[in-house]
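J.: Structure for this input, please:
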Amino acid sequence: MPAGATHLCRLAGRALAPLSVKHTRKIILPARRWYISTSTRNTLHFRLDERTAHSSLDLFKKDTGVIYRMLGLDPTHVQDNPERFREWAVVFGDEKITGGRHYWEVTVKKSQEFRVGVAEALMSRDDCVGTNSSSWVFGFAQRKWSAMTSNKMVPVTLVGKPNRVGILLDYEAGLLGLVDIEKPKVIHTIKAQFRVPLCPAFGLWDGELLTHSDLEEPEGLK
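T.: All right, here's what the predicted structure looks like:
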């Protein structure tokens, strides 16, 4: 039986044992300014939101890149707020997506374990992306790709470990696609029903990720 997505998550650089099922609650965020995207255009501009970043993650390059630190910061030295991921090395983009078709890319540097995709803006900060029904991601670990949601993993074949990948989101169609930018073509899609605001979501357990937004969708993608 394939391992669930939770089994491959790591906490502060340590492998985790399988977790028991428990009820989690979505967070209630304080009032603050968010960037709202309702356009049907496929250009989406976002930065990484430091307020959501786990203490093991450092943002750089004007908050478009993230690097994993094995030891990380002492959680007591990081501003405590309900938006921050407390257990998992996850960070969200600062854009709330409520409709449209959008495309962005991610450059991978020296990472053997990461996740890229989307999650509900109010997803529980006690969960890892890909382990609940509020997140949809493509993960790379143990030299293999998987599509992940609701703690289920589906192998993604015919793709190695590229230095840069694309993410295609069609909110109304309920589709999230992993894009080979060299072809370009959609390698794999996750189907879902999106009903609430989403954010770009990233998990990282070594190396670096650099995001590229405000991009036009490549021609020919379906």
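
J.: neighbours around residue 94, how many?
T.: 19 (other C-beta atoms under 10 Å). In this view, the C-beta of every residue, glycine as well, is placed from N, C-alpha and C.

J.: Show the low-confidence segments of the chain, by residue range.
T.: Filtered on pLDDT under 70, the chain yields the residue ranges 1-42, 71-78.

J.: and whichever helix or strand residue 102 is part of, how far out from the chain's middle?
T.: In this assignment (DSSP states H and E), residue 102 forms part of strand 101-109. Centroid displacement of strand 101-109 relative to its chain, using C-alpha atoms, centre = their mean, to the nearest Å, is 10 Å.

J.: So which bits of that strand are buried?
T.: Buried residues in strand 101-109, defined by neighbour count with 16 or more other C-beta atoms under 10 Å: 101, 102, 103, 104, 105, 106, 108.

J.: who does that strand touch, helix- and strand-wise?
T.: Using 3 or more C-beta pairs under 8 Å, 6 or more residues apart in numbering; DSSP states H and E, the elements in contact with strand 101-109 are strand 164-170, strand 208-212.

J.: how about a cut-off of 10 Å?
T.: If contacts are counted by 3 or more C-beta pairs under 10 Å, 6 or more residues apart in numbering; DSSP states H and E, strand 101-109 sits against strand 65-68, strand 114-120, strand 164-170, strand 175-180, strand 198-204, strand 208-212.

J.: Tell me which of those strands sits nearest to residue 93.
T.: For the helices and strands packed on strand 101-109, distance to residue 93 was read as C-beta to C-beta. The smallest value, 3.4 Å, belongs to strand 198-204.

J.: what's the angle between the closest one and strand 114-120?
T.: Calculated by axes from the mean of the first three to the mean of the last three C-alpha atoms, to 10 degrees, strand 198-204 forms an angle of 150 degrees with strand 114-120.

J.: and stretch 97-110, how far from the chain's centre?
T.: With C-alpha atoms, centre = their mean, you get 9 Å for stretch 97-110.

J.: Please save the CA atoms from it in CSV.
T.: The C-alpha trace of stretch 97-110 is given here as CSV (Å, rounded to 0.1, in the frame of the first residue of the first chain):
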residue,chain,number,x,y,z
ILE,A,97,-7.5,33.6,-6.2
THR,A,98,-11.3,33.5,-6.5
GLY,A,99,-11.6,32.8,-10.2
GLY,A,100,-9.9,32.7,-13.6
ARG,A,101,-7.2,30.7,-15.3
HIS,A,102,-3.7,31.4,-14.0
TYR,A,103,-0.1,30.3,-14.7
TRP,A,104,3.2,30.6,-12.8
GLU,A,105,6.6,28.8,-12.7
VAL,A,106,9.0,27.6,-10.0
THR,A,107,12.7,27.2,-10.3
VAL,A,108,14.1,24.4,-8.1
LYS,A,109,17.7,24.7,-6.7
LYS,A,110,19.4,21.9,-4.8
